[in-house]
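# my questions are about this predicted structure, shown below with the sequence.
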Amino acid sequence: YPANEKYGEELIFSPPTRCHGLFQIVTPAKYFKSNPEFWALQNGKRTHRDKKGLTADYCLTNKKLAEVTAKECREFLKKNPTARYISIQEGDFTKGYCNCAPCEKLVKECGNKESARWVFFANRVAKILKDE
């Protein structure tokens, strides 16, 4: 999203995307083989695709996932110093939440709201990056 100097546009969101961007920041192509624990545990297996082939979710209570996400965000933001935001939101049409014990416990503690995972995760990544 390059700025258009003629019209004074500001680069507000850093690439790779304006929203729903975690799947493009921590990609299966780069991380799934080495870190399958970053993705949803479903039926006892880690997967980045649900049974219909749609995007499965991440294991959003995984601390290392938050650290890697912060590292990747840092790199995108360094390349785009005028950006004010970077999206680490859930992707469109994401199916298949993580069934690991920590994820399910978090949801239960937050009134069975699935969004608790994303709020928790976003805050964890923000805390890592806050001083930068």
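Happy to help now that I have it.

# where in the chain is pLDDT low?
1-5, 7-11, 13-20, 50-56, 92-94 (pLDDT under 70).

# make it 50
1 (pLDDT under 50).

# so what's the gap between the one helix or strand Phe76 maps to and the chain middle?
Counting by DSSP states H and E, the element that carries Phe76 is helix 63-79. In this view, helix 63-79 has its centroid 10 Å away from the chain centroid, taken as C-alpha atoms, centre = their mean, to the nearest Å.

# can you name every helix or strand that it contacts?
The contact analysis (3 or more C-beta pairs under 8 Å, 6 or more residues apart in numbering; DSSP states H and E) places helix 63-79 against helix 22-25, helix 115-129. Any C-beta I mention is one placed from the backbone N, CA and C, and that applies to glycine too.

# can I get these in TSV including distance to Val107 and mean neighbour count?
What follows is the helices and strands packed on helix 63-79, written out as TSV (distance: least, C-beta to C-beta, whole Å; neighbours: other C-beta atoms under 10 Å):
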stretch	distance to Val107	mean neighbour count
helix 22-25	18	22
helix 115-129	5	16
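
# switch those helices over to JSON lines; also include distance to Trp39.
Shown next, in JSON lines, are those (distance: least, C-beta to C-beta, whole Å):
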{"stretch": "helix 22-25", "distance to Trp39": "10"}
{"stretch": "helix 115-129", "distance to Trp39": "13"}
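
# which of those sits closest to Lys64?
For those, proximity to Lys64 was assessed by C-beta to C-beta; helix 115-129 is nearest, at 11.0 Å.

# how about the residue nearest the centre of the chain: what's its closest non-neighbour residue?
In the chain, the residue lying closest to the centroid (C-alpha atoms, centre = their mean) is Leu22, at 3.2 Å. Distances taken as C-beta to C-beta, 6 or more residues apart in numbering put Ile88 closest to Leu22, at 4.7 Å, once the chain neighbours are dropped.

# residues contacting the one you found?
Gly21, Leu22, Ile25, Thr69, Cys73, Phe121, Ala122, Val125 (C-beta atoms under 8 Å, 6 or more residues apart in numbering).
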